[in-house]
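Asks: Fold the stuff below for me.
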Amino acid sequence: RNAKGPTIRGNNNDRRQWRKQGGVVGAAASNPQVHCTKWMLGAATRHWRKAPERFFFCNASSYAILLLYYKKEAVSMGGSTKQALLQALSAAEGAYISGQQLAEALGVSRAAVHKAAQALSAQGYALDSAPRRGYRLAGGDPFCAEAVGPYPAPIHIYDTLQSSNLTAKQLALGGAPHGTLVLTAHQKAGRGRLGRRFESPAGKGVYLSLILRPTLSAADAQSATISAAVAVARAVKALCGLELGIKWVNDLYYQGRKVCGILTEAGTDMESGQLEWLVVGIGLNLTTSPADWPEELARTAGSLYPGGPAPVSRAVLAGAIARELLSLCPAFDCLDEYRVRCFVPGHWVTVCTGAETYAAKALSIDDAGRLVVEREGGRQIALQHGEVSIRPTRTGGVIFPIVFYRSDVFNRSLRTADRHHRFADVDGHRCQSRI
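Replies: Okay, here's the model as predicted:
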């Protein structure tokens, strides 16, 4: 953009010199007049500062490619050719890039580019290729570590698991670091609260478990579940533009139906009372349809995009959720946002504690994340465990809880309707048990 100073043309001498310096490589397009200008180098550098790794910047109008090497040895792409190709095609935003350009920029052969493109297609990416035009990324629902995006901890991806939480707990006991992400396309025996089965249709939902190692007492562990609910709501809003309502303590609703459940399990040091690890399991229905569920769930469960397609891939959404939750850890200081999103306070509920069942008025969420209810007779109780369900109105009508965000805090509104009066719960604290 009218940048002052000399331009850097994409000839072989320049490329070799920049490679020696571990710098930027300018690859000229078929048009000899196309060259990499100074402002393009600056743009690539700014992106690199956000993600210190091998990074591509592509100006789709001129097909000029900038390849930024983080380390000198990164010139030898090796097994990362697939990831580098994905980054380059993503930066092109749907434009074609020739195989020769990609080969020169990546420092590999055209055969290696073709092999990497086939590998990406096998992982679910929709790649188009055309003679004399090259390759372009057309979308798809990729399910791989590359699609998760930049992530600060190990990622374990599976086609099928018995339960993502079970695998995550085994990894946690084996010393897996904070932030380790377990992601699966299908669960054979997904679990919800109280040992209930969680239906996980293959390829139609986001099923993940995240290992956390916060400095937290077992008594405060519920704050992690609260933060997980907020993290899901934030990620869905950012990538899908949809507002989700939260039902105390760990369910999320959209258009009156439950679309997401959260199960938090923990390992505790019995002497100190401190948590050794937390496993937060999240199941989000993305494109599931009523035909995918048993009859008893079809009338109450929902999904964000029934039958599909979804505007975002499962892996991308999973990565966004995990990064949101990691950003909240270890402070877990999002209780105000949780209160605004939660639509239970203000309604009559049926409370089931296991020992008794009674009617009460839900009043508020206290500073410990407990639901404060008022029993008949005026006695107030702060619930940390148990199940609650919203009761129908006294006239037999349906309750439509409406929650508005304060404009001075969030500058947006939330409207959620629950037509089926099915709500969630939270278990007690036990060593290596559900929270």
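
Asks: All the helices of the chain, in order from the start?
Replies: For the chain, the helices defined by DSSP state H cover 12-20, 38-50, 81-91, 99-106, 110-122, 145-148, 164-173, 222-240, 295-298, 314-328, 335-341.

Asks: Let me have the ones you listed in CSV, adding mean pLDDT and mean neighbour count as columns.
Replies: C-beta: built from backbone N, CA, C; applies to glycine. Listed next are those as CSV, based on pLDDT from 0 to 100; neighbours: other C-beta atoms under 10 Å:
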stretch, mean pLDDT, mean neighbour count
helix 12-20, 48, 14
helix 38-50, 48, 15
helix 81-91, 83, 22
helix 99-106, 91, 21
helix 110-122, 89, 17
helix 145-148, 87, 22
helix 164-173, 96, 21
helix 222-240, 96, 23
helix 295-298, 82, 11
helix 314-328, 96, 23
helix 335-341, 96, 18
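
Asks: Nearest to Leu208, out of the ones you listed?
Replies: helix 314-328 (4.8 Å; C-beta to C-beta).

Asks: Report the distance from that closest one to the chain centre.
Replies: Mean-position distance between helix 314-328 and its chain equals 3 Å (C-alpha atoms, centre = their mean, to the nearest Å).

Asks: got the angle for it vs helix 222-240?
Replies: 130 degrees (axes from the mean of the first three to the mean of the last three C-alpha atoms, to 10 degrees).

Asks: tell me what helix 314-328 is packed against?
Replies: Helix 314-328 sits against helix 145-148, strand 181-184, strand 205-212, helix 222-240, strand 275-285, with contacts defined as 3 or more C-beta pairs under 8 Å, 6 or more residues apart in numbering; DSSP states H and E.

Asks: Would you format these as CSV with distance to Leu85 included?
Replies: Formatted as CSV, those follow (distance: least, C-beta to C-beta, whole Å):
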stretch, distance to Leu85
helix 145-148, 9
strand 181-184, 22
strand 205-212, 25
helix 222-240, 23
strand 275-285, 29
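
Asks: Can you say which of these is nearest to Phe343?
Replies: The nearest among these, by C-beta to C-beta, is helix 222-240 at 12.1 Å.

Asks: quick check: angle from that closest one to strand 205-212?
Replies: Going by the same axes, to 10 degrees, helix 222-240 makes 140 degrees with strand 205-212.

Asks: Relative to Thr180, how far out is Phe343?
Replies: 33 Å (C-beta to C-beta, to the nearest Å).

Asks: try Tyr151
Replies: As judged by C-beta to C-beta, Tyr151 and Thr180 stand 10 Å apart.

Asks: surely Val316 meets Tyr151?
Replies: No - at 11.5 Å, Val316 does not count as touching Tyr151 under the criterion of C-beta atoms under 8 Å.

Asks: List the contacts of Thr180.
Replies: Residues near Thr180 by C-beta atoms under 8 Å, 6 or more residues apart in numbering: 153-156, 168, 171-172, 210-211.

Asks: Including distance to His347, could the residues you listed go into a markdown table?
Replies: Below are the contacts of Thr180 laid out as a markdown table (distance: C-beta to C-beta, whole Å):
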| residue | distance to His347 |
| --- | --- |
| Ala153 | 39 |
| Pro154 | 42 |
| Ile155 | 40 |
| His156 | 40 |
| Ala168 | 34 |
| Leu171 | 40 |
| Ala172 | 37 |
| Leu210 | 31 |
| Ile211 | 35 |
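
Asks: Pick the one among those closest to Gln222.
Replies: Distance ranking of the contacts of Thr180 against Gln222, using C-beta to C-beta, places Leu210 first at 16.1 Å.
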